[in-house]
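> Structure for the following, please:
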Amino acid sequence: MGKTNLDLIRECDNFPYHEDNRAAYTETLNNYHAFRVNGFDATLGYILNSVVEKFPWPKSYWVIDSGAKTVTLNTPADATPEYRSKLVAESISEAVKADVFEVLRGWRNENYPVWGPGGQLILDMERCASPLFGIVSYGAHMTCYVQDEAGFKFWIPRRAKNKQTYPSMLDNTVAGGMCTNEKPFECIVREAMEEASLPESSIRSAIRPVGCVTYSHIRDARAGGETGLSQPEVEYVYDLKLEPKVIPKPGDNEVEEFNLLTVQEVQDALARGEFKPNCSVVIIDFFVRHGLLTPENDPDYLDILSRLHRRLEYPLASHC
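Modelled structure (predicted):
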């Protein structure tokens, strides 16, 4: 028997819920230290205990409290984001030199922001290091489709087999992470040009923002590098209806090919577990919004709706 829609959501949103199973939540949380920054009363992420033990923390500005299970960047409360970012970058650089983490071998030269209470930018860090600190990352995903009397068909890419993360798995038509100071809409436009060779002039006015999905993921081996890393995410979601003559084409080395699949073909691929976990969630969200997944055809409908939008326990950004 294949995976159900709820199975796929649980596979992505797999950090236990305190409300559902306090014992499982507590047991899982015991595997992590809370990442904090001096001057902010908030947990900004969860760092795996084994990462805490192996990371070469400079003692001049990091405080490790094994009893409280916290890792604190001990900068002045009035330090600037630039200063905090500089110290974090230096720390990550030392870890790269020591070559103690596989995820740091996939250097991206892109920075991800860390937001504090009230949407205040605290610092940013190299993208590939973000799972080590367990910070909330932000991205944008878009489903491109054609529609006629026969129904929906979806442009589905297959990830390159040499990608560090989720190689050869199926993906959303366009998807990418949001760097510091990048807005969701500009991110998806950029990714549409880079990944699918879709022309900016014809898609800007046609892309529809349709919400977001949120989840808290614990990485497995398919993500590449260390397993067990905490990765909470906010993914802004977009739809783009294409004319039949418009065909996405790989624009970089991240995608091998695009194929136009029917609803049934997508559902079958979902059931076989061929999609990257968070891409399954975005596809399911599309099915709900367009009436392809209903209370009448899925017994888990209410659970699915609630699990598409997890309330994350970290400060979040407003991209207004």
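> can you tell me how far V234 sits from R310?
Using CB to CB, to the nearest Å, V234 is found at 10 Å from R310. Just so you know, the C-beta spots here come from the backbone N, C-alpha and C atoms, and that holds for glycine as well.
> what residues do those two have in common as contacts?
T214 (CB atoms under 8 Å, 6 or more residues apart in numbering).
> Provide a list of residues in contact with the spatially most central residue of the chain.
Nearest residue to the geometric centre of the chain (CA atoms, centre = their mean): E233, 4.4 Å. Shown in contact with E233 (CB under 8 Å, 6+ apart): 136-139, 214-217, 278.
> Inside helices: which ones of those?
The helices, defined by DSSP state H, take in N278 from the contacts of E233.
> List buried residues within the contacts of E233.
136-139, 214-217, 278 (16 or more other CB atoms under 10 Å).
> Export the residues you listed to JSON lines and append columns for distance to L123.
Below are these laid out as JSON lines (distance: CB to CB, whole Å):
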{"residue": "V136", "distance to L123": "13"}
{"residue": "S137", "distance to L123": "14"}
{"residue": "Y138", "distance to L123": "15"}
{"residue": "G139", "distance to L123": "19"}
{"residue": "T214", "distance to L123": "22"}
{"residue": "Y215", "distance to L123": "24"}
{"residue": "S216", "distance to L123": "21"}
{"residue": "H217", "distance to L123": "22"}
{"residue": "N278", "distance to L123": "24"}
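> Among these, which one lies nearest to V100?
S137 (21.7 Å; CB to CB).
> Please verify my assumption that the closest one contacts G177.
Yes - under the criterion of CB atoms under 8 Å, S137 makes contact with G177 at 6.1 Å.
> which residues do the two both contact?
Joint contacts of S137 and G177 (CB under 8 Å, 6+ apart) are 112, 127.
> sorry, back to before: how far away is the residue nearest to the centre of the chain from F15?
Going from E233 to F15 by CB to CB gives 11 Å.
> Mutual contacts of these two, please.
216-217.
> before we move on, back to that, could you verify that the residue nearest to the centre of the chain is part of a helix?
No - E233 is assigned strand when assessed by DSSP: H, G, I helix; E, B strand; the rest coil, not a helix.
> What does the pLDDT read for it?
Per-residue confidence (pLDDT) for E233: 98.
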